[in-house]
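Visitor: just the structure for this:
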Amino acid sequence: MLDAVNVSHGAVALGIGMLVGLERERKKGRNEDHAAAGLRTFAITALLGYVSMLLAGPVLVGVASLSLVLMLCMHYRKHADKDPEVTSEIALLLVLTLGALSLDEPELATAVGVVLTVLLALRRELHHFVLQQLSEEELRDGLMLLTVALVVLPLTPDRFMGPYGALNPRTICTLVVLLMTVGALGHIAMRLVGPRYGLPLSAIASGFASGTATIALLAHEARRQVTAVRPLAAAAVLSNLASIAQFALVLGIVDRYDAIPPAGQPQVSAQVP
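Guide: You can find the predicted model right below:
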């Protein structure tokens, strides 16, 4: 049972626990988090999940998870008046799961562990972004885009219907998501680098995806912002140039492929008498 593979996967589980534990330990040192879990607790919890999965599989992992949940509930009930947050407790339970996952999927467990550590470390930045930088309108538009892309689009039927079978709801919904994504990317670019550089960059990038969708969105913005008609028109031209460059690249690749005859077929060349 104990071989090089199991030892390496156990090291992955230990590394995940120590990585998350280091971040939590720094929070405790700065008195930003009064949770009892620190470096040693997270490392031991990850090893507990790994050893449980190695010895008895999901059954023992479930027992260990239930026991950990009961201990976390007791700790939370005792310290709820001092530290009402449950971030460290949830992270500890996730580390237990990642330790068990390291036995069969160490790459996935490592990736999730890194993402978890980043989310924990960027607490101040994320709170500042949500409370200070993100407006109500941007939040509403972002939620609408995610709803259409992740909920409505997968449920849309992918078949032709309507007069002469010319309408495909999935294609129409995909175009709508594309238009909304183009607008979101343009808005993000303008927020990051300003309208002088953000608008041209977003138009060029969106032109590679769909020049038609980009121009339609820019025309809609031109009706809303009459004073910005000239920059929006210039952005539309740039999106067309990006689409033309994309077509030229595709045609060049296709033409080069057609110029090479298949294997075994003699190459025919024109001879001038």
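Visitor: CA atoms for contacts and neighbours, from now on please.
Guide: OK.
Visitor: which parts of the stretch 151-273 of the chain are helices?
Guide: Ranges of helices in the stretch 151-273 of the chain, per DSSP state H, counting those that start in this stretch, are 153-155, 169-193, 195-209, 211-224, 229-259.
Visitor: contact partners for residue 137?
Guide: Not one residue lies near residue 137 by C-alpha atoms under 8 Å, 6 or more residues apart in numbering.
Visitor: please give the element, helix or strand, for it.
Guide: Assigned by DSSP states H and E, residue 137 belongs to helix 136-147.
Visitor: what residues sit buried inside that helix?
Guide: In terms of neighbour count (16 or more other C-alpha atoms under 10 Å), helix 136-147 has its buried residues at residue 145.
Visitor: stretch 231-239 too?
Guide: So, applying 16+ other C-alpha under 10 Å, buried residues of stretch 231-239: 231-232, 235-239.
Visitor: model confidence over that stretch, on average?
Guide: For stretch 231-239, mean pLDDT is 83.
Visitor: contacts made by it with the rest, please.
Guide: Against stretch 231-239 from outside (C-alpha under 8 Å, 6+ apart): 199-200, 203-208, 211, 214-215, 218-219, 221-222.
Visitor: rewinding a little: hey, C-alpha coordinates of the helix holding residue 137 in PDB?
Guide: These are the backbone C-alpha positions of helix 136-147, laid out as PDB (Å, rounded to 0.1, in the frame of the first residue of the first chain):
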ATOM      1  CA  GLU A 136     -25.000  48.700  -8.600                       C
ATOM      2  CA  GLU A 137     -25.500  48.900 -12.400                       C
ATOM      3  CA  GLU A 138     -22.300  46.900 -13.100                       C
ATOM      4  CA  LEU A 139     -23.300  44.300 -10.600                       C
ATOM      5  CA  ARG A 140     -26.800  44.000 -12.200                       C
ATOM      6  CA  ASP A 141     -25.400  43.700 -15.700                       C
ATOM      7  CA  GLY A 142     -22.800  41.100 -14.600                       C
ATOM      8  CA  LEU A 143     -25.400  39.000 -13.000                       C
ATOM      9  CA  MET A 144     -27.600  39.200 -16.100                       C
ATOM     10  CA  LEU A 145     -24.800  38.100 -18.300                       C
ATOM     11  CA  LEU A 146     -24.000  35.200 -16.000                       C
ATOM     12  CA  THR A 147     -27.600  34.200 -15.900                       C
END
